[in-house]
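*Asks:* what's the 3D shape of this:
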Amino acid sequence: MASAATVSSESVDLNHHNPTGQGLVPLTIGAIGVVFGDIGTSPLYAFREALNQAGSDGLVREEIIGVMSLMLWALFLIVTVKYVIVLMRADNRGEGGVLALLALARGSVRRGSGVVLALGALGAALFYGDAVITPALSVLSAVEGLKTLPGMAEAIPQTRVIWITLVLLVALFAIQPRGTAVVSRLFGPVCIVWFLAIGALGALHIADGPGILAAFLPWHAVRFVASHGVLGLFVLGAVFLTVTGAEALTADMGHFGKRPIRMGWLLLVFPALALNYFGQGAFAIATLDADLARGAAFTNRDWFFQMVPEAIRLPMILLACLATIIASQAVITGAFSLTQQAIQLGLLPRLRIKQTSAGHSGQIYVGFVNWAVLFGVIALVLGFKSSSAMAAAYGIAVTGTMVVTCCLAFVVVRRRWQWSLAASVALIAPFLALDMLFFGANILRVVEGGWVPLTIAACLLVVIWTWVRGRRFVATLEDDGALPLAEMAAALAKRPPPQVDGTAVFLTARSELTPHALLHNLKHNRVLHKHNYVTTVRTMAVPHVSPEDRITVERIDDRFSTIELRYGFMDTPAVRDDLVAAGGAVADAAQASFFIGRNNYAFSSDVGMPVWQDVLFIILHRNAADPTDYFGIPHNRVIELGAQYAI
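*Replies:* From the prediction side, this is the model:
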């Protein structure tokens, strides 16, 4: 079997990536375009959905202020305090995100590593649910703005809105194989224009109902939840739409650094969002007063687009479409990166990963993920048919991921930073309680659509669990009775088989044991190469491994040596190139023959896992990407040997 990636428990130091000077401005602009795309498009639907829940039994001015207070303080406590101030400190050599935290936490514990791994797998599974919903909801909500144009409510039925949305989404996913390096240069400038526009739009309308500024006082939020019972929890679930996308602040640390992300949030994004939400709230108060004055019933509206002056509404709709496409692109790219990390950490089988940019290692494309996410997005748009119906499905995946992040952060603070138990609890418990409150509020909306991300996450969790469990069982099966390499080398030295010139590289998961491919080669070909390197590829608990730390060669005797190649969980393996780069440490690496174990498995009810898991594992194994491509080995230098095992 080809080398299986394993996570090292090697200790790593935290590295704070804080650019300064001339490099700070372009990184900040880039961060605004990528990091804040999701949370930056929340004003399109968040206030509308929160008010829709609050107004289910009628609405008064104080309730609008209460909803606005909940939204403002959610932004402040969850995004500013939790992520910007606290969790961005828990980085793994500059990288963040749930799997970076998993690697950091797993390398810091001896007991309970299985629980930590399960948390990381759950967080990854929930992220994929988010990746399916974000493009569908954000783009659909922007296109629905066309119905707010004068005289267009009846001229553009919802069916046409759906088809326009699908065309935009299909085009977005279709360009992914070509890479996005060129068009991504526009992300930052476009999003800066977007945030300036929505901030100015909100500021213009605050005067409509200046009483909305009372939402700065947190007791309006507390009083609203305390006085509305179960309805207050439903409103909380909708209010959480305000902070969807906050996970990107940590997930994209490795691309931009902490300082650019913090500056982008504090200097532009947070003020723009707050102004826009206040403007929507003031506009809603003014509308409520007008409805009461003429004796009409108050109705919820598309507040974002309704407060845009008619003369510039169409350009604003087009700008919103661009902003939501950018937000969707960021999530899609995040799904590709997460998949690469999950493969390196051994949570998923190998998938074909294509590098789409020669100058940016983070620009990758994973075809299976791209088309699977597109299929899910199309199904959601056709199934829910409107952004309001889809909004109920959004919060559960995001809140679940936030709960997982808090739990992993606790492990890092307690074990990695060596804080006392009391201090660790004091730091993390308030954030965990807040996340659990929002998660509980969103769980109430399972029937309305929240089951969708839970179903996606559950399916992926079963896949991850089956793959991890199956690999462990197969590794035990293959290692059973395996001969230590040192003993094999000594035996062959006493009775050497015929020798041929050249170098043989045997990929294996455990370099201290004799690879099955070597045994098969001796059994069937009855020859041994002059130089034999038993090579293990390991994934370390760090994002990247520098070239000088990449390879270790240990000599056993004149014929045999072991090699350990180390990669970070965000690195792309290039076995042949790294062996060549090692120079004289690996004899004739450029012309080496690579022996890879390719075993076949048959399910059995008598051994191993349940039959259904055997079948699923075999399907995953058979459809995994060719190890030759994955490990960066020339096809014409590979020899595959293996056997069949019953699992």
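
*Asks:* now do the same contact list for residue 108.
*Replies:* 411-412, 415-416 (Cβ atoms under 8 Å, 6 or more residues apart in numbering). For glycine as for every other residue, the C-beta is placed from the backbone atoms N, C-alpha and C.

*Asks:* model confidence for the nearest residue to residue 106 once chain neighbours are set aside, exactly?
*Replies:* Spatial nearest neighbour of residue 106, excluding adjacent residues (Cβ to Cβ, 6 or more residues apart in numbering): residue 116 at 5.0 Å. On pLDDT, residue 116 comes in at 90.

*Asks:* contacts for the helix-or-strand element of the chain with minimal mean pLDDT next, please.
*Replies:* Lowest by mean pLDDT, DSSP states H and E among the helices and strands of the chain is helix 253-256, with a mean of 77. With contacts defined as Cβ under 8 Å, 6+ apart, helix 253-256 is touched by 17, 27-28, 30-31, 34-35, 88, 91, 94-97, 100, 261, 362, 543, 570.

*Asks:* pick out whichever of the contacts of residue 108 sits closest to residue 190.
*Replies:* Comparing the contacts of residue 108 against residue 190 with Cβ to Cβ places residue 412 closest, at 35.1 Å.

*Asks:* burial check on that closest one, number of neighbours?
*Replies:* By other Cβ atoms under 10 Å, the residues close to residue 412 number 25.

*Asks:* just the one 4 residues further on next, same as before
*Replies:* Neighbour count of residue 416, defined by other Cβ under 10 Å: 20.

*Asks:* mind listing what it touches?
*Replies:* Contacts of residue 416 (Cβ under 8 Å, 6+ apart): 90, 104-105, 108.

*Asks:* make a markdown table out of those and add secondary structure.
*Replies:* Formatted as a markdown table, the contacts of residue 416 follow (DSSP: H, G, I helix; E, B strand; the rest coil):
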| residue | secondary structure |
| --- | --- |
| 90 | coil |
| 104 | helix |
| 105 | helix |
| 108 | coil |
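
*Asks:* for residue 44, state which of those residues is nearest.
*Replies:* Nearest to residue 44 among the contacts of residue 416 is residue 90, at 31.0 Å by Cβ to Cβ.

*Asks:* quick one, strands of this structure?
*Replies:* Remark: strands assigned in the chain by DSSP state E are 353-355, 364-366, 499-507, 528-539, 551-555, 560-567, 593-597, 600-602, 638-641, 644-646.

*Asks:* so which of these comes closest to residue 121?
*Replies:* Here strand 528-539 is closest among those (Cβ to Cβ), at 15.4 Å.

*Asks:* packing partners for the closest one?
*Replies:* strand 499-507, helix 516-524, strand 560-567, helix 575-581 (3 or more Cβ pairs under 8 Å, 6 or more residues apart in numbering; DSSP states H and E).

*Asks:* packing partners for the second one?
*Replies:* This points to helix 516-524. strand 499-507, strand 528-539, strand 593-597, strand 638-641.

*Asks:* that one to strand 593-597, inter-axis angle?
*Replies:* 100 degrees (axes from the mean of the first three to the mean of the last three Cα atoms, to 10 degrees).

*Asks:* ditto for the third one
*Replies:* If you take the same axes, to 10 degrees, strand 560-567 sits at 80 degrees to strand 593-597.

*Asks:* how far off centre is strand 560-567?
*Replies:* Strand 560-567 sits 30 Å away from the centroid of its parent chain (Cα atoms, centre = their mean, to the nearest Å).

*Asks:* for residue 265, which of the strands of the chain is the nearest?
*Replies:* Per Cβ to Cβ, nearest to residue 265 of these: strand 364-366, 26.2 Å.

*Asks:* residue 238 and residue 512: what is the separation?
*Replies:* Remark: distance between residue 238 and residue 512 (Cβ to Cβ, to the nearest Å) = 56 Å.

*Asks:* out of these two, which sits in the busier spot?
*Replies:* Neighbour totals were compared for residue 238 and residue 512, and residue 238 leads with 28 against 12 (other Cβ under 10 Å).

*Asks:* which residues touch that one?
*Replies:* 46, 49-50, 52-53, 391, 395.

*Asks:* between those residues, which sits nearest residue 322?
*Replies:* For those, the nearest to residue 322 is residue 46 (19.1 Å; Cβ to Cβ).

*Asks:* how many residues are close by the nearest residue to the closest one once chain neighbours are set aside?
*Replies:* Closest residue to residue 46 apart from its sequence neighbours, by Cβ to Cβ, 6+ apart: residue 241 at 4.0 Å. Counted with other Cβ under 10 Å, the neighbours of residue 241 add up to 27.

*Asks:* same check, this time on residue 204
*Replies:* 16.

*Asks:* wait, it touches residue 279, no?
*Replies:* Yes: using Cβ atoms under 8 Å, residue 204 makes contact with residue 279 at a distance of 6.8 Å.

*Asks:* how many neighbours does the closest residue to residue 196 other than its chain neighbours have?
*Replies:* What sits nearest to residue 196 in space, not counting adjacent residues and going by Cβ to Cβ, 6+ apart, is residue 272, at 6.9 Å. Neighbourhood size, residue 272 [other Cβ under 10 Å]: 24.

*Asks:* residue 579: what's it in contact with?
*Replies:* 505, 533, 535, 551, 563, 565, 586, 589, 592.

*Asks:* one more time with 10 Å
*Replies:* 503, 505, 533, 535, 550-551, 553, 563, 565, 585-586, 588-590, 592, 594, 633 (Cβ atoms under 10 Å, 6 or more residues apart in numbering).

*Asks:* whichever of those end up buried, select them in PyMOL.
*Replies:* Applying 16 or more other Cβ atoms under 10 Å to these leaves a buried subset, and the PyMOL line that selects it is:
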select buried, resi 503+505+533+535+550+551+563+565+586+589+592+594+633
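
*Asks:* so where's the stretch 451-600 of the chain uncertain?
*Replies:* Within the stretch 451-600 of the chain, the set of residues satisfying pLDDT under 70 is empty.

*Asks:* show me the contacts for residue 134.
*Replies:* Taking Cβ under 10 Å, 6+ apart as the definition, contacts of residue 134 comprise 37-38, 41, 244-245, 324, 327-328, 330-332, 334-335, 373, 377, 394, 397-398.

*Asks:* quick check: it vs residue 433, distance?
*Replies:* Relative to residue 433, and taking Cβ to Cβ, residue 134 is found at 26 Å.

*Asks:* same question, residue 347
*Replies:* 29 Å.

*Asks:* repeat that for residue 89.
*Replies:* Taking Cβ to Cβ, one finds residue 89 at 20 Å from residue 433.

*Asks:* again with residue 269
*Replies:* 26 Å.

*Asks:* tally of neighbours for the nearest residue to residue 390 once chain neighbours are set aside?
*Replies:* Spatial nearest neighbour of residue 390, excluding adjacent residues (Cβ to Cβ, 6+ apart): residue 384 at 4.1 Å. The number of residues packed near residue 384 is 22, by other Cβ under 10 Å.

*Asks:* quick one, what contacts residue 384?
*Replies:* Residue 384 touches 133, 136-137, 140, 162, 390-393, 448-449, 452, counting by Cβ under 10 Å, 6+ apart.

*Asks:* most neighbours among those, please name it.
*Replies:* residue 137 (32 neighbours).

*Asks:* ok, residue 58 touching residue 299?
*Replies:* No: using Cβ atoms under 10 Å, residue 58 is not in contact with residue 299; the gap is 11.4 Å.
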